[in-house]
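Student: Here's a sequence, model it:
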Amino acid sequence: MEIARTYKQPSIATSSSGGMGFSLATDLSRPNVFLNANVRDGLSFSRAMLVLHSIVCTNMARVPKDYSAYQEWLQGEYLKELPEVMERKNLQGLMAEKDAIQQKIAFLETEIRKNPITKSNEGYYEAQRKFWHWLGKTDREAWIVLDPVVSVQPDAVFFEAFSLDESMYGRITLPNTELELVDPLQRGTTNIDFSEKLAIEFDRVRTYRPLRLQVGQDSVQISTELASSVEKKIDLPETWVKGFLEVQSASALVKIRLNLSPATVADLLAILEQKKDNVSPKSLKFLLHPGKKPVIEIEPWGILLQEQEHLFEGPQSHTYRIWGRRRLMVLKDILPHASKVELQLLGSGLPSFWSIKSKEIDLDLGLSGWSANDWASQTKFSMMSNTEKVTDQELTRVSAILKQSEGLTPEQIMEKSGFKIKRLVVTNALQQLCSGGRAMFDFHKQIYRWRELFPEALMPKVEQRSPRIEKAQELLKSNRIRIDTKENKNDGLSVQGCVSNQVLAPHSVSSFSSSSSALEDFLNSDSSRKRHSMQLDFNLDGRVVDMECTCYEFKKTSLRKGPCHHLIALMQHIENEAQEIEE
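Tutor: Below is the predicted model:
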């Protein structure tokens with residue numbers, strides 16, 4: 001999908017005796033969004049923005065080298081020289097020629113070592129320009145750098161972006177308590193032009209230079225200067241939109257939380273810098289025991305790094321492994337200035353969330369299960385939400401309520417609707433808005449906010465079908481999904497079910513209602529024995545917080561690729577039963 005973004009001018013930075021100003025150019029095709037304010041702690045904000053720029057420019061996906069062009073050239077050269085060589089058949093002369101060439105190579109290598117080339121700035125930037133031109137022609141996906149998304153809200157400003165390989169998600173939260181508004185802000189969401197030159201200027205920010213941040217252009221501003229615009233046309237990957245959905249779905253799951261001191265994380269990165277990652281396993285193992293300081297084992301060297309200050313406050317012991325640890329290097333420069341680091345773990349091989357607090361500014365880094373596993377293509381946490389049907393009227397109503405607010409919880413949306421929309425419908429409507437890029441989940445405040453990634457007419461369609469969903473549909477059609485027990489709890493619902501070997505006719509189980517002994521005999525018979533057993537635990541929002549299945553797929557991958565098709569079928573079966581009861 002091709003998206004054209006037009007900026008009135010590139011983002012610019014100005015420096016004067018009064019301080020530094022940053023004007024972030026916004027997409028002119030988007031609704032007006034405006035912010036003009038002084039940042040109280042400009043240095044902390046600048047450090048966070050530099051980390052976000054590092055995330056945007058990072059690509060750790062290993063792309064296999066293409067030698068086809070070289071092999072084609074080599075074959076051509078071989079065919080050119082073959083007749084001449086066959087005609088001469090002078091092996092002694094060829095060997096002498098080879099020795100002479102090797103002597104010339106050795107002489108040239110000696111000259112290079114004796115005469116190192118000093119690159120001028122002009123030569124460096126020219127070489128850099130040629131490189132990016134070459135990369136844009138040979139590997140467009142690696143060349144594309146997606147502009148960050150900025151959301152101006154009444155209580156905070158958010159900057160969000162993905163890395164080039166889409167395995168890293170970064171978000172900066174700049175609270176409005178850290179802003180001194182020069183003009184009234186205008187709420188909205190847009191893309192900003194974040195160039196390399198702008199990053200260099202952020203690196204020049206100091207405490208003695210007040211920092212002014214301006215996002216967008218004032219709608220009443222008049223300028224007599226010659227107008228100009230910068231247009232970018234990029235092929236927007238739909239995985240970028242899907243990635244936002246997966247990040248928000250994963251962030252809403254139940255996680256193991258632990259606090260780490262910045263010094264511990266800095267020590268971890270120092271060890272990784274000193275070691276070569278050429279032996280497996282390349283993981284970090286977290287050893288967590290209640291009331292004790294967390295221990296991080298750096299594999300494969302068996303180096304144990306103990307947290308210096310904080311205790312693990314969880315109710316039970318855990319051992320988790322995470323991969324793709326080299327991505328943490330983007331935090332290297334901000335850790336010496338951080339006051340707090342919180343780590344949230346979903347499980348072994350699953351995403352992790354690193355929250356770094358620098359005074360009042362929050363930087364969140366969401367890492368997928370491993371570097372080659374981007375947020376959209378493998379992880380399917382969006383499948384773990386409820387599948388409650390939402391009508392167009394209900395979706396429009398929830399959208400209107402959310403758009404008119406500064407951020408709401410599902411309960412508050414229910415209240416504003418006059419309790420005419422039930423909770424599960426509200427949460428699923430919010431999930432649909434997130435998947436469509438029209439809402440975001442603020443996992444710090446646990447509220448949903450209105451946030452339009454793109455104009456609705458240009459919104460990419462997020463594909464909902466997958467092989468696992470189709471397999472789940474086949475199970476449902478064969479009536480092989482059975483619910484064994486349901487248990488309502490204060491914090492949600494727990495359901496146990498199974499996949500039976502016996503293909504059941506619709507409502508066949510209900511025919512045994514007159515005879516409980518006949519039903520018990522049927523359930524214990526070989527023809528209906530359980531092939532797979534499943535368990536789902538839902539919270540009050542209908543979102544799955546825990547799941548288990550005895551199938552091979554779940555045992556092999558757990559939730560690293562989302563729920564298996566048995567669990568998806570059980571979730572759909574639960575919804576179908578609920579709809580039958582309502583009807």
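Student: and Ala106, which of the three is it?
Tutor: Following DSSP: H, G, I helix; E, B strand; the rest coil, Ala106 is assigned to helix.
Student: Pretty sure Leu430 sits against Ile401.
Tutor: No. Counting by CB atoms under 8 Å, Leu430 does not reach Ile401; the two are 10.4 Å apart. Just so you know, the C-beta spots here come from the backbone N, C-alpha and C atoms, and that holds for glycine as well.
Student: which intervals of the stretch 401-550 of the chain have sub-threshold pLDDT?
Tutor: 454-466, 502-530, 541-543 (pLDDT under 70).
Student: which residues in it form strands?
Tutor: Assigned by DSSP state E, counting those that start in this stretch, the stretch 401-550 of the chain shows strands spanning 439-442, 447-450, 481-489, 492-500, 530-538, 544-549.
Student: Indicate which one of the ones you listed is closest to Gly291.
Tutor: Gly291 lies closest to strand 544-549 among the strands of the stretch 401-550 of the chain, at 23.5 Å (CB to CB).
Student: residues in contact with the closest one?
Tutor: Here strand 544-549 makes contact (CB atoms under 8 Å, 6 or more residues apart in numbering) with 253-254, 384-385, 492, 532-539, 554, 559, 563-564, 566-567, 571.
Student: returning to what we had before: just send the strands of the stretch 401-550 of the chain back as JSON lines, with distance to Asp277 too.
Tutor: Formatted as JSON lines, these follow (distance: least, CB to CB, whole Å):
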{"stretch": "strand 439-442", "distance to Asp277": "33"}
{"stretch": "strand 447-450", "distance to Asp277": "38"}
{"stretch": "strand 481-489", "distance to Asp277": "44"}
{"stretch": "strand 492-500", "distance to Asp277": "41"}
{"stretch": "strand 530-538", "distance to Asp277": "37"}
{"stretch": "strand 544-549", "distance to Asp277": "33"}
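Student: how about those strands, which one is nearest Val330?
Tutor: strand 439-442 (21.8 Å).
Student: name the helices or strands packed onto that closest one?
Tutor: helix 238-251, helix 423-435, strand 447-450 (3 or more CB pairs under 8 Å, 6 or more residues apart in numbering; DSSP states H and E).
Student: Try it again at 10 Å.
Tutor: In this structure, strand 439-442 packs against strand 149-152, strand 156-162, strand 168-175, helix 238-251, helix 392-403, helix 423-435, strand 447-450, with contacts taken as 3 or more CB pairs under 10 Å, 6 or more residues apart in numbering; DSSP states H and E.
Student: can I get those in a markdown table with mean neighbour count?
Tutor: Output for these, formatted as a markdown table (neighbours: other CB atoms under 10 Å):
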| stretch | mean neighbour count |
| --- | --- |
| strand 149-152 | 23 |
| strand 156-162 | 23 |
| strand 168-175 | 23 |
| helix 238-251 | 22 |
| helix 392-403 | 17 |
| helix 423-435 | 23 |
| strand 447-450 | 22 |
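Student: Including distance to Leu287, could the ones you listed go into a markdown table?
Tutor: Supplementary listing: those in a markdown table, determined by distance: least, CB to CB, whole Å:
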| stretch | distance to Leu287 |
| --- | --- |
| strand 149-152 | 37 |
| strand 156-162 | 31 |
| strand 168-175 | 25 |
| helix 238-251 | 23 |
| helix 392-403 | 42 |
| helix 423-435 | 35 |
| strand 447-450 | 34 |
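Student: quick one: which of these is nearest Lys98?
Tutor: Nearest of those (CB to CB): strand 168-175, 49.0 Å.
Student: Relative to the helix or strand just after that closest one, what are the paired strands and their orientations?
Tutor: The helix or strand immediately downstream of strand 168-175 is strand 179-181, counting by DSSP states H and E. When sheet partners are counted by DSSP bridges, strand 179-181 sits next to strand 35-39 (antiparallel).
Student: now whichever helix or strand comes after the strand it pairs with against strand 168-175, angle please.
Tutor: Using DSSP H and E, the helix or strand that follows strand 35-39 in sequence is helix 42-56. Per axes from the mean of the first three to the mean of the last three CA atoms, to 10 degrees, the angle that helix 42-56 makes with strand 168-175 is 160 degrees.
Student: Show me what helix 42-56 is packed against.
Tutor: Counting contacts by 3+ CB pairs under 10 Å, 6+ apart, helix 42-56 packs against strand 19-24, strand 156-162, strand 168-175, helix 196-202, strand 211-215, strand 352-358, strand 361-367.
Student: Would you tell me which of the strands of the stretch 401-550 of the chain gets closest to Lys114?
Tutor: Across the strands of the stretch 401-550 of the chain, closest to Lys114 is strand 439-442 (CB to CB), at 58.8 Å.
Student: Could you pull out the buried residues of that closest one?
Tutor: Using 16 or more other CB atoms under 10 Å as the test for burial, strand 439-442 gives Ala439, Met440, Phe441, Asp442.
Student: what's the second one in contact with, if anything?
Tutor: Shown in contact with Met440 (CB atoms under 10 Å, 6 or more residues apart in numbering): 149, 151, 153, 158, 160, 171, 189, 244, 247-248, 407, 433-434, 447-453.
Student: now swap in the third one and tell me
Tutor: Taking CB under 10 Å, 6+ apart, we find Phe441 in contact with 244-245, 247-249, 251-252, 407, 430-431, 434, 447-449, 451.
Student: What is the nearest of the buried residues of strand 439-442 to Phe353?
Tutor: Distances from Phe353 to those, taken by CB to CB, are shortest for Phe441, at 12.4 Å.
Student: Grab the nearest non-local neighbour of Gly170.
Tutor: Excluding its sequence neighbours, the residue lying closest to Gly170 (CB to CB, 6 or more residues apart in numbering) is Ile55, at 4.0 Å.
Student: need the helices for the stretch 451-583 of the chain, in chain order.
Tutor: In the stretch 451-583 of the chain, the helices defined using DSSP state H, counting those that start in this stretch lie at 467-477, 516-524, 552-557, 565-582.
Student: Any buried residues in the shortest one, and which?
Tutor: Read it as helix 552-557. Those would be Glu553, Phe554, for helix 552-557 by 16+ other CB under 10 Å.
Student: average pLDDT for it?
Tutor: Taken as a whole, helix 552-557 has an average pLDDT of 82.
Student: what's across from Ser355 in the sheet?
Tutor: Glu342, Asp364.
Student: Near it, how many other residues are there?
Tutor: 21 (other CB atoms under 10 Å).
Student: Contact partners for it?
Tutor: So Ser355 contacts 171, 173, 257, 259, 338, 340-344, 362-366, 443-444 (CB under 10 Å, 6+ apart).
Student: mind checking which helix or strand the closest residue to Glu406 other than its chain neighbours is in?
Tutor: With sequence-adjacent residues excluded and distances taken as CB to CB, 6+ apart, Glu406 is closest to Pro154, at 4.8 Å. Under the criterion DSSP H and E, no helix or strand holds Pro154.
Student: tell me the centre residue of this structure?
Tutor: The chain has Tyr169 as the residue nearest its centroid, 4.0 Å off, counting by CA atoms, centre = their mean.
Student: Could you report the pLDDT at that residue?
Tutor: So Tyr169 comes in at 92 (pLDDT).
Student: Identify the bridge partners of it.
Tutor: Assigned bridge partners for Tyr169, using DSSP bridges, are Phe162, Gly366.
Student: Report the separation between it and Arg257.
Tutor: Relative to Arg257, Tyr169 is positioned 18 Å away (CB to CB, to the nearest Å).
Student: quick one: Ser399 from Ile334, how far?
Tutor: According to CB to CB, Ser399 stands 36 Å off from Ile334.
Student: again with Glu97
Tutor: 58 Å.
Student: The two: which has the busier surroundings?
Tutor: Neighbours were counted for Glu97 and for Ile334 using other CB under 10 Å; Ile334 has more, 19 against 11.
Student: so that one makes contact with Asp362?
Tutor: No. At 11.5 Å, Ile334 and Asp362 do not qualify as touching, with contact defined as CB atoms under 10 Å.
Student: Quick check: neighbours shared by these two?
Tutor: Residues touching both Ile334 and Asp362 by CB under 10 Å, 6+ apart: Ala48, Ile356.
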